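# Could you look at this predicted model? Sequence included:
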Amino acid sequence: MHVLTLLAAPARADLTDAAVQEVSRSWPLGPARWLAPGVALEVELPVVPVDRWQAWERWQREGVDLVVQPAAGRRKQVLLADMDSTMVQQECIDELAAQAGVGERVAQITARAMNGELDFAEALHARVALLAGLPTSVVDTVLSERITMTPGGAELVATMRAYGGYAALVSGGFTPFTRAVAGRLGFDEHRANTLEVDGEHFTGRVVEPVVGREAKVAALREVTARLGLTPADAVAVGDGANDLDMLRLAGTGVALHAKPVVAEQTDVRVNHGDLTAVLYLQGYAQDEIVRP
C-alpha cells in the first residue's frame with residue numbers, strides 16, 4: 001500500500017476536498033485523511049500510477065505538492081537536515097561575503113556549486129579565500145541581521161524529538177552558524193566546516209577535512225548506527241547538489257525548494273510547503289505538531 005500526500009503552502013491553505021475528487025477520476029483511491037485543513041491531506045493509494053509525474057507537473061501548476069510513497073515505515077526516528085537554504089532561508093557564506101564586499105562573486109560560485117556545476121570542496125576553498133581578513137565578529141552581525149529561520153523548522157525538530165526522534169544538523173557551511181542555528185531550533189547535534197582563524201580575523205582557509213557531499217552521507221551512517229538504527233530509519237532534508245547522496249540514502253529524502261539538479265533526481269519534492277511538510281509526509285497531523 002502507498003500513500004498519496006497533497007500539500008499546499010500554509011500561507012494559502014487553499015487545498016480542498018475537490019483535489020481528492022479530481023485525483024480519484026484518474027486513480028483508484030482509498031480513504032482520505034486531513035492532516036491540516038487546507039494545507040495537507042493524505043489518501044491511501046493501492047498502486048503507484050504510471051502517470052505519477054504527469055500528475056505531479058499538473059498539480060505544481062496549481063501550487064500543490066504531490067508525493068507518492070510507501071505507507072509502511074513513514075514515521076522516522078532520525079532527522080538529518082542541511083542548514084543553508086533549508087533550515088535557514090539564506091546561504092550563510094553569501095551573507096558573510098556581502099559583509100566583506102565580495103558578495104556577488106561568492107554568490108555566483110555558491111549557486112553553481114549547489115546546482116552541481118562545480119566540485120563542492122574546490123568551490124568552498126575558492127569562496128572562503130575571498131573572506132581572508134574579515135573580522136570574526138561579523139558572524140554575530142550576520143546572524144542577528146541577515147539570517148532568518150525557515151518557517152516550520154522549529155516545529156519539525158521539536159515534534160520529532162517529542163516523539164522520540166533524534167535531530168542532527170549537517171552542513172557544508174560553518175560551525176559558528178550551525179552552533180547558533182542548532183541551539184535555536186533544538187537540534188541534538190551539529191556538524192559543519194571550521195574556518196581557520198588568526199587572532200580575531202579569518203585567514204581565508206578551511207580546516208580540513210571539508211564537510212561536503214561524502215561527509216553528509218558519513219554523518220547519516222554514523223548517527224543512525226550510533227542509535228542502533230539504519231539510514232532507512234531517517235528522514236533527510238536538503239536543497240543542494242551536496243545533499244543529493246544523503247537524500248538518496250535516507251529512508252525518506254526530501255528535496256525542499258531544491259535546485260533543479262537535485263529535484264530531478266529525488267522522488268519526494270516540496271516546492272510549495274514549508275518544513276512542516278516533512279512532518280505531514282510522515283503522517284503527523286496538525287494536532288500532533290509541537291509548537292515551541
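Good, I have the coordinates.
# State the phi and psi torsions of the residue lying closest to residue 148 once chain neighbours are set aside.
Of all residues not flanking residue 148 in the chain, residue 89 sits nearest, at 4.9 Å (CB to CB, 6 or more residues apart in numbering). C-betas here are computed from N, CA, C, even on glycine. Residue 89 adopts backbone torsions of phi -90, psi 0, taken as degrees, to the nearest 10.
# how close does residue 89 get to residue 30?
Taking CB to CB, to the nearest Å as the criterion, residue 89 is separated from residue 30 by 37 Å.
# So in terms of bridging, what pairs with residue 190?
residue 169 (DSSP bridges).
# and the strand or helix carrying residue 68, how far from the chain's centre?
Assigned by DSSP states H and E, residue 68 falls within strand 64-70. On the basis of CA atoms, centre = their mean, to the nearest Å, the separation between the geometric centre of strand 64-70 and that of its chain is 16 Å.
# Listing partners with orientation, what would you give for that strand?
Here, using DSSP bridges, strand 64-70 pairs with strand 2-8 (antiparallel).
# For the strand it pairs with, which outside residues touch it?
Contact partners of strand 2-8, identified using CB atoms under 8 Å, 6 or more residues apart in numbering, comprise 14-15, 19-20, 23, 27, 29, 35, 38-48, 59, 63-71, 74, 270, 272-273, 277, 280-281, 283.
# quick check: angle from whatever helix or strand comes next after it to strand 64-70?
Using DSSP H and E, the helix or strand that follows strand 2-8 in sequence is helix 17-24. Between helix 17-24 and strand 64-70, the angle formed by their directions is 50 degrees, by axes from the mean of the first three to the mean of the last three CA atoms, to 10 degrees.
# Show the end-to-end separation of stretch 92-108, please.
Chord length of stretch 92-108, first to last residue, is 14 Å (CA to CA, to the nearest Å).
# again with stretch 236-245
End-to-end distance of stretch 236-245 (CA to CA): 10 Å.
# For the contacts of strand 2-8, which ChimeraX command selects only the ones that are buried?
Typed into ChimeraX, the line below selects the buried ones among the contacts of strand 2-8, using 16 or more other CB atoms under 10 Å:
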select :15,19,20,23,27,29,35,39,40,41,42,43,45,59,64,65,66,67,68,69,74,270,272,273,277,280,281
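# Touching, residue 141 and residue 100? I think so.
No - taking contacts as CB atoms under 8 Å, residue 141 lies outside contact range of residue 100: 11.6 Å.
# out of those two, which sits in the busier spot?
residue 100 (18 against 13; other CB atoms under 10 Å).
# Please, where are all the helices along the stretch 1-150 of the chain?
If DSSP state H, counting those that start in this stretch is used as the criterion, the helices of the stretch 1-150 of the chain fall at 17-24, 52-61, 92-100, 103-114, 120-129, 138-145.
# Tell me which stretches of the stretch 101-250 of the chain form strands.
Applying DSSP state E, counting those that start in this stretch to the stretch 101-250 of the chain gives strands spanning 166-174, 189-198, 201-207, 234-238.
# Redo those strands as CSV? Include distance to residue 5 and mean pLDDT.
Formatted as CSV, the strands of the stretch 101-250 of the chain follow (distance: least, CB to CB, whole Å; pLDDT from 0 to 100):
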stretch, distance to residue 5, mean pLDDT
strand 166-174, 21, 97
strand 189-198, 29, 97
strand 201-207, 39, 96
strand 234-238, 13, 98
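# out of those, deepest packed?
strand 234-238 (a mean of 29; mean count of other CB atoms under 10 Å).
# ok, now how distant is residue 192 from residue 33?
Separation of residue 192 from residue 33 (CB to CB): 38 Å.
# same thing with residue 124?
Distance, residue 124 to residue 33, using CB to CB: 44 Å.
# Looking at those two, which has the bigger crowd around it?
Comparing residue 124 with residue 33 by other CB under 10 Å, the one with more neighbours is residue 124, at 24 against 13.
# for that one, what are its contacts?
Going by CB under 8 Å, 6+ apart, residue 124 touches 113, 172, 193, 206, 210, 212.
# again with residue 246
Taking CB under 8 Å, 6+ apart, we find residue 246 in contact with 80, 82, 170, 213, 216, 217, 219, 220, 236, 238, 253.
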